[in-house]
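Trainee: quick one, what's the 3D model for this:
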Amino acid sequence: MSERFFLYDDTIETKTRFISFMGEHQRYDLAIIKSDRYFGKHIVLNLLSNLFAIIGRDDLDEPGYIEHAYQLSEEEAEELRSFLYEIV
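Mentor: Numbers count the residues shown, from 1 in each chain. Coordinates of the predicted model:
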């Protein structure tokens, strides 16, 4: 068996916020991870759907990004997007 080749193997400090809120269309249970990685963007995990994305303000402005990343309708994505604008 050959040696394992790691691209990186780092341990870093993170700050994680768990938040749950009820929108007009569905409930959102999120884990939002902030670290010094990913150019200041946040890792946003949707705990109900097991989907996640690396999100910064530029991603929130990208048409269809939230809909695609979390498999949401336009209305559902707008609820999530408006919340994420407050914290990203």
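
Trainee: which parts of this protein are strands?
Mentor: When secondary structure is read from DSSP state E, the chain shows strands at 15-22, 27-34, 42-46, 51-55.

Trainee: turn those into a markdown table, including mean pLDDT.
Mentor: As requested, the strands of the chain are arranged in a markdown table below (pLDDT from 0 to 100):
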| stretch | mean pLDDT |
| --- | --- |
| strand 15-22 | 96 |
| strand 27-34 | 97 |
| strand 42-46 | 97 |
| strand 51-55 | 98 |
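
Trainee: tell me which of those strands is the most buried.
Mentor: Compared across the strands of the chain, strand 42-46 shows the largest average neighbour count, a mean of 20 (mean count of other CB atoms under 10 Å). Every C-beta, even on glycine, is put in place using the N, C-alpha and C of the backbone.

Trainee: tell me the angle of that strand relative to strand 15-22?
Mentor: Between strand 42-46 and strand 15-22, the angle comes out at 40 degrees (axes from the mean of the first three to the mean of the last three CA atoms, to 10 degrees).

Trainee: okay, and the beta partners of the residue most central in space within the chain?
Mentor: The chain has residue 44 as the residue nearest its centroid, 1.9 Å off, counting by CA atoms, centre = their mean. On the basis of DSSP bridges, residue 44 is bridged to residue 32, residue 53.

Trainee: from residue 30, how far off is residue 81?
Mentor: 13 Å (CB to CB, to the nearest Å).

Trainee: again with residue 46
Mentor: Distance of residue 46 to residue 30, computed by CB to CB: 6 Å.

Trainee: for residue 65, same thing?
Mentor: In terms of CB to CB, residue 65 sits 16 Å off from residue 30.

Trainee: which residues touch residue 7?
Mentor: Residues near residue 7 by CB atoms under 8 Å, 6 or more residues apart in numbering: none.
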